[in-house]
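> Next come a sequence and a model predicted from it.
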Amino acid sequence: MLLLLLEALGAGLIFIAIIWWTMFSGRKNGELPEAEHEDKNKP
């Protein structure tokens, strides 16, 4: 029973680590400024 709890805890920690990594591994300076977004959307 203890082994099952440890496995569940380990799987949960891995899941949280993957979510954390994908959320915070974006651009180093954040999102692009609004002016650059507007230039790309113009025809």
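Here it is on my side, so go on.

> Distance check, Ser2 against Phe15.
I think there's a mix-up here, since residue 2 is Leu and not Ser. Separation of Leu2 from Phe15 (CB to CB, to the nearest Å): 20 Å. Yep, even glycine has a C-beta here, placed from its N, CA and C like the rest.

> who's more crowded, the two?
Comparing Leu2 with Phe15 by other CB atoms under 10 Å, the one with more neighbours is Phe15, at 10 against 6.

> Which parts of the chain are helices?
Applying DSSP state H to the chain gives helices spanning 2-24, 34-41.

> so can I have a markdown table of the ones you listed showing mean pLDDT?
Formatted as a markdown table, the helices of the chain follow (pLDDT from 0 to 100):
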| stretch | mean pLDDT |
| --- | --- |
| helix 2-24 | 95 |
| helix 34-41 | 57 |
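
> and the gap between Ala8 and Met23?
Taken as CB to CB, the span from Ala8 to Met23 is 23 Å.

> typo on my end, Leu5
In terms of CB to CB, Leu5 sits 27 Å off from Met23.
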